[in-house]
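# sequence and predicted structure below; questions after.
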There are 4 protein chains.
Amino acid sequence: MRTTSVGVFKIATKGPGDVSGLMSLIGSGAIDPASILAILGKTEGNGGVNDFTREYAVAALCAALAPKLGLTPHAVEQRIAFVMSGGTEGVLSPHITVFTRREAERPANMSGKRLSIGMAQTRDFLPEELGRSAQITETAKAVKAAMEDAGISDASDVHFVQIKCPLLTSERVEAAAARGHKTATISAYGSMAYSRGASALGVAVALGEIAADVRDEDVLRRYDLFSKVASTSSGIELMHNVVIVLGNSGASASEFEIGHAVMSDAIDAAAVTEALNSVGLSVGLGAPAKAGREFVNVLAKAEASPDGTVRGLRHTMLEDTDISSTRHARAAVGGLIAGLAATGAVYVSGGAEHQGPAGGGPVAVIARLSD
Amino acid sequence: MRTTSVGVFKIATKGPGDVSGLMSLIGSGAIDPASILAILGKTEGNGGVNDFTREYAVAALCAALAPKLGLTPHAVEQRIAFVMSGGTEGVLSPHITVFTRREAERPANMSGKRLSIGMAQTRDFLPEELGRSAQITETAKAVKAAMEDAGISDASDVHFVQIKCPLLTSERVEAAAARGHKTATISAYGSMAYSRGASALGVAVALGEIAADVRDEDVLRRYDLFSKVASTSSGIELMHNVVIVLGNSGASASEFEIGHAVMSDAIDAAAVTEALNSVGLSVGLGAPAKAGREFVNVLAKAEASPDGTVRGLRHTMLEDTDISSTRHARAAVGGLIAGLAATGAVYVSGGAEHQGPAGGGPVAVIARLSD
Amino acid sequence: MRTTSVGVFKIATKGPGDVSGLMSLIGSGAIDPASILAILGKTEGNGGVNDFTREYAVAALCAALAPKLGLTPHAVEQRIAFVMSGGTEGVLSPHITVFTRREAERPANMSGKRLSIGMAQTRDFLPEELGRSAQITETAKAVKAAMEDAGISDASDVHFVQIKCPLLTSERVEAAAARGHKTATISAYGSMAYSRGASALGVAVALGEIAADVRDEDVLRRYDLFSKVASTSSGIELMHNVVIVLGNSGASASEFEIGHAVMSDAIDAAAVTEALNSVGLSVGLGAPAKAGREFVNVLAKAEASPDGTVRGLRHTMLEDTDISSTRHARAAVGGLIAGLAATGAVYVSGGAEHQGPAGGGPVAVIARLSD
Amino acid sequence: MRTTSVGVFKIATKGPGDVSGLMSLIGSGAIDPASILAILGKTEGNGGVNDFTREYAVAALCAALAPKLGLTPHAVEQRIAFVMSGGTEGVLSPHITVFTRREAERPANMSGKRLSIGMAQTRDFLPEELGRSAQITETAKAVKAAMEDAGISDASDVHFVQIKCPLLTSERVEAAAARGHKTATISAYGSMAYSRGASALGVAVALGEIAADVRDEDVLRRYDLFSKVASTSSGIELMHNVVIVLGNSGASASEFEIGHAVMSDAIDAAAVTEALNSVGLSVGLGAPAKAGREFVNVLAKAEASPDGTVRGLRHTMLEDTDISSTRHARAAVGGLIAGLAATGAVYVSGGAEHQGPAGGGPVAVIARLSD
């Protein structure tokens, strides 16, 4: 059996174009650029359709990594999975998390399953397939392929599935119309939700969290259908889904471990606590972590609950014409998670359609085991 | 000695103009309108200069209370202290908290100090006095008068001092200029911070938290000078400060108690926990409160730390031209407090200049004692 | 034949709650409160779902007019048509335009048709009827009734039809769902567009601008179907449409006249010029109006063209997650109209679905004839 | 005498990172990359402190031009003056304007002065010099050097002076404080206005529009001091001023001509008309330009008038906490200029402190002479 070692490096950034931290770690030999599999980032933009900080960050990283990898910037973008989540509202602090993977012997005395990472892609979608069953089915296939790539066979060992998925633009809507097809929505902003939602349902199908017979009309309607570990982000730069599975595997020699819980709503402090505990970390609250365990990052999704309430009380996120609800939700959930994790450098991403229950979302925690 | 009973009623609202909840409690006899001393509210606006939800809420409440009190709406506004904090970002839920006070015998077997409330006002300020030592000194005098009104002699029994203070408008700046005086700032938005800051320093002077020799140039500069219990909000509708002191007193027969802590930064979960514990409530985290103690409300202030960092990590609140930093801060701190208090109906107000340490703020909790 | 005299009073406001200008005109006898038929206003809010300045302005006006009319504020709201358009972006200046009507002899020597105004209402709509053919058909009927009320029989004499229409809220969507019906959209913000669009199509049907066989699926899709004089605004406070027809009539003794043109896109300076010219006003451009003609107000609708371009060049209004496209459009079209009319106190309202061609909108001008 | 030919190429962009239009013109030979002197652009961001579209656009252009020029991207940034103005509010359409210059014989039969361009730089400023007389004086020197570079000796031949100037960051403020110096403001956003204002005053001094004895306290206060042709933009990426002078010169063999007028306020349609006329173009208004004259671009500055009114009527731009006043002003003035120029691809930049009278701004027009 192939055994791998997965590394996780969290690096603060000074702006979307700042690559100095990563370059410094490569320069010191701490990171072998050839081992970089994926980079998840929080950038300063608004997380909406016109958030150019995401593509700027990717462009800057590709330009910087190109000479290190002997590739063109474009080839770097094909090789490494870049997932930039725009929006560092409130106390959220811009940073990137670099995931590396290399073949490695697993020490005989290593105990327990360790962090593993796997990747796969779907085929390109047609505009009219976005937010519908075609996207769900193809995503489910890719999740299974990514699990295999990660050396994970048991769905319960999967703790976070990050997906990058397409969105609709006016051009894409018109292209579909020209072929006689109607897209799920004609709004660019609205299509982000459809694509995220269908992708998350694909994860749920793959992991057996829901039955496979999801219908087009269930997307963004049947919020009782969801995955507890899916995190999906839509971007303009691709027409297929990129799937990254994070879990624990006996074939991993990593010094990291991942666990998760599900926030049932946006103020579910208990779930954040449970997720921290699941990897041996005590609740932040200012207290130090358990001996031999070091906090690395939280990966979570946030959204304004679609019924307009949190625990029976009205929220105003969905009716604010000045600030999009995704910005509100990231700020609030980011505030809670940062408080419990004792740091603002956490990955909290907006738009949790079918990712956790309505108004809630998955929350995963990565810890380093130093013993 | 005069003994009083203070009541606290938290009422959800459906909009800034919604007075139905209060009217219903008056109708049922639960609230005697003549006993209403102050109403603190969270309204839906942006909390900035053009937040008209605050004056709309006050207008609606005054119009509704006028016939109940046999007064004109204008006279109601003079009689009751209305403090509307605009901005229900994130999970914050619009509501009002009504404070009532009436003379009452304190039962012989009542134990401990109980919630007491006192009020006082300063004289009207000149525009050029705002944000400067005149405002500090006059506010300090009013705080002492309000303590006396509350039957509190020991500064350590004061747990929250809510102040309503003026701001500058173009007209006020020009009026000062016409008399040959320069105001602290010519920006309306900027003057809100100056007025809040000087008012908070007045509280700190009154309670002996800092020395009385604060200079004009210390305002919004020397952030090591602050009060741990001041909460100040500026509004366009007045030119004097209204001071409301909330504390515990042996002369109170109230069934409520108040306590507080100080958040040292925007993610200080430990301080929120300490404040909840101080009135016998266990940390929210989904757990039920201690027997005989019921959570009523949190009163807290939030701000973006002026040095641009939280625990050494960069935040982006001060550099966001799309969302004002006060909105960011309310959303994030509101998310944390709502998570720990298990409800979004908490009073989290923005702009914490000299209210708690830079980037932090006071957090008070009111509990009802049912035993 | 009944002949009427219609008065038009444009009054600057200092805030959404400012009624002092109107009260002053009533006090001086310039306006008889009993003659007030409709008040159109531009208020300071964002024009979106959470724009409370509109209801605040209406509440303030009703409270102020109630004693003058010997009615309760609620009865005032039933009697007078209040249409508040939120959003004074850019140079737009907050103001109200008061329309009065009274029976009056038409002088024998009066020449030409003069400004006339008529009103009518539809029945209440069910939530699932909004944005669909039921709303179109009922609106068309009400437009004809309002024309009759205005003494206008020829559709070409109608120059502006202002409609106030409902929107969907979560509660309304759920009420429909509980009865087994799906609404046109589940988004509150999105429903504003549907309701405005269907109402405008109702005007087009009534005036013979389009055929009567509009289908549900044409709304917000077939933008080649539109009215050249419809202006529709949705608000949360009603479930029926209120229709105000403005035109010229031989039965009017008014000293005012109205004309209109249609902006084919958001930069159609020629159409604004044509509308000014149509009532004898020369193009603003700093030049004085024609002798005997005085500019009163422009009534116009603005929108971001749904195809994402203006004269072939890309605009970014529809992809801005920070500022809603309606705010962008009001600011830009308001800037153009204010430039040509030489004042920012013009009524430019957002959301022009089926009101003028896609990306354009109606532009009417009212002038006073002093000769 | 050296004679030059200046070229002007306006290129629509599909996003801040889109360089395809420029690359295509270089590929076809229409533009010699070595002749590029300056690139002015309108990008999609918010034009504020956190507008990363400007640096992204510059990074993309430098990366694309580097191989064409045989330079590193960094060296390209040193060689070409990039001025990116963020904010395409309303109908403004993202684009770049490329200015080229090469030595060229002036044809004997060429009539009149033609478009000429010159550049110069100041020394680096200390943070405490920004917004004060040092910046004014040094800028004035650089303007004179740039005039000489442009072959312009008469100030009346200067029609637009574009300046790129620094802003303050927290680090820069602290660096000054560490050396015992106070900066003009401690706000990053506020410093943009100070730097723009002082730079504009430098232009006014150089061109003799005002006396040279401007004091520190006049900046952002004495708005009667201004330049009619200055356009200044602040950016985080530099600590010196870059000055670009555009005017007409007898030593130019260009097929372009430039003229200007001054908008006295944000709705000054007459000034826009005058500027168009000054280079032989008839007012847009849909009408075709004069024979032999082709419209190229408008270069203008916009701002919210600091006294809160436009022609005596209140505007709300300065009191909007949701949208910055610069965004409002660009949208409104952009709407007017686009209407009169019949295109949204115009360069309207925000923040016109001391650039034109308070609330107004310079407006220059470039035309191509095809005869």
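Yep, that arrived. Numbers count the residues shown, from 1 in each chain, chains lettered A, B, ... in the order given.
# would you check that A:N241 makes contact with A:A142?
Yes. In terms of CB atoms under 8 Å, A:N241 counts as a neighbour of A:A142; the distance is 6.1 Å. For every residue, glycine as well, the C-beta is placed using N, CA and C.
# what is in contact with the two at once?
Shared contacts of A:N241 and A:A142, defined by CB atoms under 8 Å, 6 or more residues apart in numbering or on different chains, are found at A:121-122, A:202.
# please flag which of those sit within strands.
Among the shared contacts of A:N241 and A:A142, the members falling in strands (DSSP state E) are A:Q121.
# top of the shared contacts of A:N241 and A:A142 by neighbour count?
A:G202 (32 neighbours; other CB atoms under 10 Å in any protein chain shown).
# how close does that one get to D:N241?
Distance, A:G202 to D:N241, by CB to CB, to the nearest Å: 54 Å.
# which stretches of the stretch 1-150 of chain A form helices?
Defined through DSSP state H, counting those that start in this stretch, the helices belonging to the stretch 1-150 of chain A, from first to last, are A:20-27, A:53-69, A:73-79, A:133-150.
# also the stretch 151-300 of chain A?
Listed in chain order (using DSSP H, counting those that start in this stretch), the helices of the stretch 151-300 of chain A are A:170-178, A:188-206, A:269-278.
# what comes up buried for the shortest one?
Residues of helix A:170-178 classed as buried: A:170, A:172-173, A:175-176 (neighbour count, 16 or more other CB atoms under 10 Å in any protein chain shown).
# okay, the shared contacts of A:N241 and A:A142 in CSV with pLDDT next?
Formatted as CSV, the entries for those read as follows, by pLDDT from 0 to 100:
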residue, pLDDT
A:Q121, 96
A:T122, 98
A:G202, 98
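# so which of the helices of the stretch 1-150 of chain A gets nearest chain B?
When the helices of the stretch 1-150 of chain A are compared for distance to chain B using CB to the nearest CB, the nearest one is helix A:53-69, at 10.4 Å.
# quick check, the worst-scoring helix or strand of chain A on mean pLDDT touching chain D?
Least confident helix or strand of chain A, by mean pLDDT, DSSP states H and E, is helix A:170-178 with a mean of 92. No. Using CB under 8 Å from any CB of the partner chain, no contact is recorded between helix A:170-178 and chain D, whose separation bottoms out at 10.0 Å.
# so how far is C:Y189 from the closest residue to chain C within the stretch 51-200 of chain A?
Nearest to chain C in the stretch 51-200 of chain A, going by CB to the nearest CB, is A:S170, at a distance of 4.8 Å. Distance, A:S170 to C:Y189, by CB to CB: 19 Å.
# pretty sure A:G41 sits against A:T97.
Yes. The pair A:G41 and A:T97 qualifies as a contact (CB under 8 Å) at a distance of 7.3 Å.
# now stretch A:203-214 - C-alpha only, CSV.
Once non-C-alpha atoms are left out, stretch A:203-214 reads as follows in CSV (Å, rounded to 0.1, in the frame of the first residue of the first chain):
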residue,chain,number,x,y,z
VAL,A,203,-20.8,14.9,-1.6
ALA,A,204,-23.8,13.8,0.5
VAL,A,205,-24.6,11.2,-2.2
ALA,A,206,-21.1,9.9,-2.4
LEU,A,207,-20.7,9.5,1.4
GLY,A,208,-24.2,7.9,1.8
GLU,A,209,-25.5,10.8,3.8
ILE,A,210,-28.6,11.0,1.5
ALA,A,211,-30.1,8.8,-1.1
ALA,A,212,-28.9,9.2,-4.7
ASP,A,213,-32.3,10.2,-6.1
VAL,A,214,-32.0,13.9,-5.7
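# and the gap between the spatially most central residue of chain A and D:K301?
If you average the C-alpha coordinates of chain A and look for the closest C-alpha using CA atoms, centre = their mean, you land on A:Q162, 3.6 Å from that point. Spatial separation of A:Q162 from D:K301 under the definition CB to CB is 45 Å.
# ditto for A:A271
Between A:A271 and D:K301 the distance is 52 Å, computed by CB to CB.
# so between those two, which is more surrounded?
Here A:A271 and D:K301 are set side by side on neighbour count (other CB under 10 Å), and the busier one is D:K301, at 32 against 25.
# and the angle for whatever helix or strand the more buried one lives in with helix D:269-278?
Remark: D:K301 resides in strand D:293-302, with elements defined by DSSP states H and E. Interaxial angle, strand D:293-302 versus helix D:269-278 (axes from the mean of the first three to the mean of the last three CA atoms, to 10 degrees): 140 degrees.
# ok, strand D:293-302: who's next to it in the sheet?
Using DSSP bridges, the neighbouring strands of strand D:293-302 in the sheet come out as strand D:347-350 (parallel), strand D:361-369 (antiparallel).
# close to chain D: what parts of the stretch 201-350 of chain A are there?
Counting by CB under 8 Å from any CB, the positions of the stretch 201-350 of chain A adjacent to chain D are A:322-323.
# how about the residues of the stretch 201-350 of chain A by chain B?
Proximity of the stretch 201-350 of chain A to chain B (CB under 8 Å from any CB) is limited to residues A:266-270, A:272-273, A:284-286, A:310-311, A:313-317, A:322-323, A:327-329, A:331-336, A:338-340, A:342-345.
# buried subset of those residues as a PyMOL selection?
With 16+ other CB under 10 Å as the burial test, the buried ones among these are selected in PyMOL as follows:
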select buried, chain A and resi 266+267+268+269+270+272+273+284+285+310+311+313+314+315+316+317+322+323+327+328+329+331+332+333+334+335+336+338+339+340+342+343+344+345
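# tell me which of the residues of the stretch 201-350 of chain A next to chain B fall in helices.
When those are checked against helices (DSSP state H), the matches are A:269-270, A:272-273, A:327-329, A:331-336, A:338-340.
# mind showing which ranges of chain A have poor pLDDT?
Screening chain A residue by residue with the criterion pLDDT under 70, one finds the ranges A:1, A:284-291, A:371.
# domains in chain A, by residue range?
The record assigns chain A these domain ranges, following automatic domain parsing: A:1-103, A:111-254, A:255-369.
# looking at these, which one is packed in the most?
Of all the domains of chain A, domain A:255-369 has the most neighbours on average by mean count of other CB atoms under 10 Å in any protein chain shown, namely a mean of 24.
# distance from it to the middle of the chain?
Relative to the chain's own centre, domain A:255-369 is displaced by 13 Å; criterion: CA atoms, centre = their mean, to the nearest Å.
# what distance separates the start and the end of that domain?
Across domain A:255-369, the straight-line distance between its terminal residues is 6 Å, by CA to CA, to the nearest Å.
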